[in-house]
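K.L.:
coordinates only, sequence not included:
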């Protein structure tokens, strides 16, 4: 552990207390309603209540199987929830949170009904507007960055051992977006916490993608008001139309899904130009082309690649570039797009620590220097997975090709660099790229039971080769595709229903 990143004696003591919990040995089993009486440094259990079969604890319906619901706080501010099923299957499953993780998130709580002990945390801050909690708050920043997930995992496993008189046999972490970044952070910083990890659409390069968001905002909203955008819905429709005319059939199927965006030789200079550079619905001005270049091309400062840029795809899809990049209407009174929201909030409160910081006047040439501290606690960009490999951990990473928030090109670059460092990487970490999938949803197949896949890998040694991803509409599967570990991909065989996975073959 790099103690230089702890920042203060207080944070050092916080980590020491969590490590003490790891080495504690349970002597007796403690009933649910007595867990709150435990005296543990840096831990306060606020409630520990039995939930019986037939109870409706959350107003969402009666539960079939009982459990013990534990709520507490670690240190000064890390709130968490832990659910302990009456019939324990020996597995602990923890979920990550999205965005700035406001409020306790336990996305796997339904698994408690299947015998899993489940947990979630708010990473140290309740629902506040929106990121002001982070300004000049080193402890809060470190908790959000990586400490809160680790400490919650340690405390949860300790309480599991106290409650059942045995530790969990297997521990899993599943997260997407910020939760995906948390997942990768666990594998890199705290490899002993979990046996199996799922990192979905991982926000692992936090300072990198928010820097890209700022670069795009400077081009899209150049007057500094965040109101007068130079690219709109008509241009997105035209862009996707031309893109699909050029590249949709490259994979042998006309379905507006790019199976491999990197195979598309699309050239922005070939887009129709507006006469006299006057904006129009059927052409692009130079200013609009500059926005597109900022979106697609890498962000490089002083020879350092800050962000790999976004691949082609998803430009005019619902929940694609609109509302993430080019909104058709403002997402809020303060921010027009999700890019502007996450980019500006991050720079104000987690990077610059200045609520008066102005995106429009910021010099991107200062990125390497200005983001150095924040990157140390926010980013999961280390390519060294040696400790995770040594402990026998397994991790699945999945990413949508058309994701307008987290770039598939960024995670590919990370995986390639990690593979260069360890050519045996695919024996314990695998990456899966999902065609046509946005940051949740999209035209492509986005459903895979990732927890079950990693569980089979961890517990039964079943290496995940071909997976089947599906898309459902109103509960009915409308599309299925095979998904192979990167760099392999699925290719249409030329015959058969393109909506059925058996019509595709593997190409290495």
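P.N.:
Sure thing, it's come through. Please read these numbers as outputs of a predicted model, since none were measured by experiment.
K.L.:
hey, let's count contacts and neighbours off CA atoms from now on
P.N.:
Noted.
K.L.:
so where's this protein shaky on pLDDT?
P.N.:
Residue ranges of the chain with pLDDT under 70: 1-28.
K.L.:
center of it, which residue is that?
P.N.:
residue 177 (1.9 Å; Cα atoms, centre = their mean).
K.L.:
what lines up beside the helix or strand harbouring residue 397 in the sheet?
P.N.:
In the assignment (DSSP states H and E), residue 397 maps to strand 394-400. Paired with strand 394-400 in the same sheet, following DSSP bridges, are strand 196-200 (parallel), strand 429-434 (parallel).
K.L.:
any chance of a markdown table for those strands, columns mean neighbour count and distance to residue 447?
P.N.:
Shown next, in a markdown table, are those (neighbours: other Cα atoms under 10 Å; distance: least, Cα to Cα, whole Å):
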| stretch | mean neighbour count | distance to residue 447 |
| --- | --- | --- |
| strand 196-200 | 29 | 11 |
| strand 429-434 | 23 | 10 |
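K.L.:
for residue 266, which of the ones you listed is the nearest?
P.N.:
strand 429-434 (20.2 Å; Cα to Cα).
K.L.:
buried ones in the helix or strand following the closest one?
P.N.:
Toward the C-terminus, strand 429-434 is succeeded by helix 450-460 as the next helix or strand (DSSP H and E). Of all the residues in helix 450-460, those buried under the rule 16 or more other Cα atoms under 10 Å are 450, 451, 453, 454, 455, 457, 458.
K.L.:
give me the angle between helix 450-460 and strand 394-400.
P.N.:
Computed by axes from the mean of the first three to the mean of the last three Cα atoms, to 10 degrees, the angle separating helix 450-460 from strand 394-400 equals 160 degrees.
K.L.:
you'd agree residue 164 is up against residue 68?
P.N.:
No. Contact criterion Cα atoms under 8 Å: residue 164 and residue 68 do not qualify, at 11.4 Å.
K.L.:
more neighbours: which of the two?
P.N.:
Legend: neighbour count by other Cα atoms under 10 Å for residue 164 and residue 68, higher for residue 68 (23 against 19).
K.L.:
okay but residue 306 is in contact with residue 299, surely?
P.N.:
Yes. Residue 306 lies in contact with residue 299 (Cα under 8 Å); the separation is 5.5 Å.
K.L.:
hang on, the earlier thing: now for the buried residues of helix 450-460: which two are most distant?
P.N.:
Top of the distance list for those (Cα to Cα): 450 and 458, 12.3 Å.
K.L.:
contact partners for the residue nearest to the centre of the chain?
P.N.:
Residues counted as contacts of residue 177 (Cα atoms under 8 Å, 6 or more residues apart in numbering) are 97, 98, 99, 200, 201, 202, 203, 406, 439.
K.L.:
what's across from residue 118 in the sheet?
P.N.:
Beta bridges link residue 118 to residue 83, residue 93 when assigned by DSSP bridges.
K.L.:
please report the distance of it from residue 171.
P.N.:
Per Cα to Cα, to the nearest Å, residue 118 is found 10 Å from residue 171.
K.L.:
common neighbours of these two, please.
P.N.:
Residues touching both residue 118 and residue 171 by Cα under 8 Å, 6+ apart: 92, 93, 94.
K.L.:
output these as a markdown table; include the columns neighbour count.
P.N.:
Shown next, in a markdown table, are the shared contacts of residue 118 and residue 171 (neighbours: other Cα atoms under 10 Å):
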| residue | neighbour count |
| --- | --- |
| 92 | 29 |
| 93 | 28 |
| 94 | 27 |
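K.L.:
for those residues, which one is nearest residue 416?
P.N.:
Sorting the shared contacts of residue 118 and residue 171 by distance to residue 416 puts residue 94 at the head of the list, at 27.7 Å, by Cα to Cα.
K.L.:
hmm, that closest one is touching residue 170, no?
P.N.:
No. In this structure residue 94 lies outside contact range of residue 170 using Cα under 8 Å: 11.4 Å.
K.L.:
okay, helices next: where are they in the stretch 301-450 of the chain?
P.N.:
For the stretch 301-450 of the chain, helices defined by DSSP state H, counting those that start in this stretch occupy the ranges 321-324, 338-346, 367-370, 372-378, 386-390, 408-421, 450-460.
K.L.:
now for those, which one comes closest to residue 49?
P.N.:
Of all the helices of the stretch 301-450 of the chain, it is helix 450-460 that lies closest to residue 49, at 27.6 Å by Cα to Cα.
K.L.:
the closest one packs against which elements?
P.N.:
Secondary-structure packing of helix 450-460 (3 or more Cα pairs under 8 Å, 6 or more residues apart in numbering; DSSP states H and E): strand 196-200, strand 394-400.
K.L.:
would you list those in CSV and tack on distance to residue 142?
P.N.:
Below are the helices and strands packed on helix 450-460 laid out as CSV (distance: least, Cα to Cα, whole Å):
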stretch, distance to residue 142
strand 196-200, 20
strand 394-400, 24
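K.L.:
among these, which comes closest to residue 352?
P.N.:
It is, among the helices and strands packed on helix 450-460 and with distance given as Cα to Cα, strand 196-200, at 27.9 Å.
K.L.:
and the closest one, how far from the chain's centre?
P.N.:
Centre-to-centre, strand 196-200 and its host chain are 10 Å apart (Cα atoms, centre = their mean, to the nearest Å).
K.L.:
let me know the next secondary structure element after it.
P.N.:
Once strand 196-200 ends, the next helix or strand along the chain (criterion: DSSP H and E) is helix 206-220.
K.L.:
understood, closing this out.
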